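Peer 1: Sharing a model that was predicted from the sequence below.
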Amino acid sequence: MYGDEERAKTLVNTAVFAALITAGGWISIPLFAVPFTLQTLFVFLAAAIMKERAVFPALLYGAAGLIGLPVFHNGTAGLAVLLGPTGGFILGFIPAAFAAGFFFRKQKDIIAVISASVICAVCGTVWFMITAGASFPAAVFACVLPYIPGDILKGIAAVYAAKRIRRILHD
């Protein structure tokens with residue numbers, strides 16, 4: 001509708017954060033079977049700014065990659081990536097963004113970041129176990145433990161960046 005500022009903000013933020021999640025995938029450091037990327041930083045930041053509507057950029061990102069746009073880590077795309085060992089993390093961005101947005105709305109920043117990290121880790125680890133045939137301990141060692149320090153740093157960065165962005169947008 002004409003003059004619907006909230007809808008316009010949602011559309012713009014969806015495009016911006018989907019692009020940032022994509023850019024975060026280009027910053028990729030190979031570790032074990034799952035690369036370290038900055039994608040979760042932008043999922044956290046989207047949730048901090050958009051609250052539960054952060055699910056939209058996560059959905060757009062996943063859909064863009066599914067139809068063949070090179071948005072996944074290192075410019076990959078397609079159903080094969082989603083069905084591969086990292087697919088659970090990519091799909092995990094969707095519920096993680098929603099949950100984090102829910103807690104950011106309640107001003108529970110630490111719980112927001114932890115919940116998003118746990119959801120991504122669970123989705124990614126379970127999917128990795130299925131696709132790679134890995135045991136639970138092997139999957140946790142390959143998909144969770146090495147990434148905890150990075151997730152903590154990305155969570156802190158997202159919370160502080162969101163506070164600055166909110167101040168700028170509301171001034």
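Peer 2: Received the coordinates, thanks.
Peer 1: Which stretches in this protein count as helices?
Peer 2: Assigned by DSSP state H, the chain shows helices spanning 5-26, 39-50, 55-66, 79-83, 87-105, 109-132, 136-143, 148-170.
Peer 1: right, so of those, which gets closest to Phe32?
Peer 2: Closest approach to Phe32 among the helices of the chain is made by helix 136-143 (4.4 Å; C-beta to C-beta). Bear in mind the C-beta positions are built from the backbone N, C-alpha and C, glycine included.
Peer 1: Contacts for that closest one, please.
Peer 2: The contact list for helix 136-143 (C-beta atoms under 8 Å, 6 or more residues apart in numbering) reads 32-34, 89, 121, 124-126, 128-129, 132, 134.
Peer 1: what's the closest of those residues to Ala63?
Peer 2: Distance to Ala63, by C-beta to C-beta, is smallest for Phe89 among those, at 16.1 Å.
Peer 1: and the helix or strand bottoming out on mean pLDDT in the chain, how far from the chain's centre?
Peer 2: Ranking every helix and strand in the chain by mean pLDDT, DSSP states H and E puts strand 28-29 at the bottom, with a mean of 83. Offset of strand 28-29 from its chain centre (C-alpha atoms, centre = their mean, to the nearest Å): 15 Å.
Peer 1: so what does that strand touch, helix or strand wise?
Peer 2: strand 36-37 (3 or more C-beta pairs under 8 Å, 6 or more residues apart in numbering; DSSP states H and E).
Peer 1: Pull up the pairing partners for the strand it packs on, direction included.
Peer 2: strand 28-29 (antiparallel) (DSSP bridges).
Peer 1: Thr14 touches Tyr61, doesn't it?
Peer 2: No. Using C-beta atoms under 8 Å, Thr14 is not in contact with Tyr61; the gap is 9.6 Å.
Peer 1: which residues touch the least confident helix or strand of the chain?
Peer 2: Residues from elsewhere that reach strand 28-29 (C-beta under 8 Å, 6+ apart): 35-37, 73-74.
Peer 1: now for those, which pair is the farthest apart?
Peer 2: It's Phe36 and Asn74 that sit farthest apart of those, by C-beta to C-beta, at 11.9 Å.
Peer 1: Neighbour count for the two, which is higher?
Peer 2: Phe36 (17 against 13; other C-beta atoms under 10 Å).
Peer 1: most packed of the helices of the chain?
Peer 2: Of the helices of the chain, the one with the most neighbours on average (mean count of other C-beta atoms under 10 Å) is helix 39-50, at a mean of 27.
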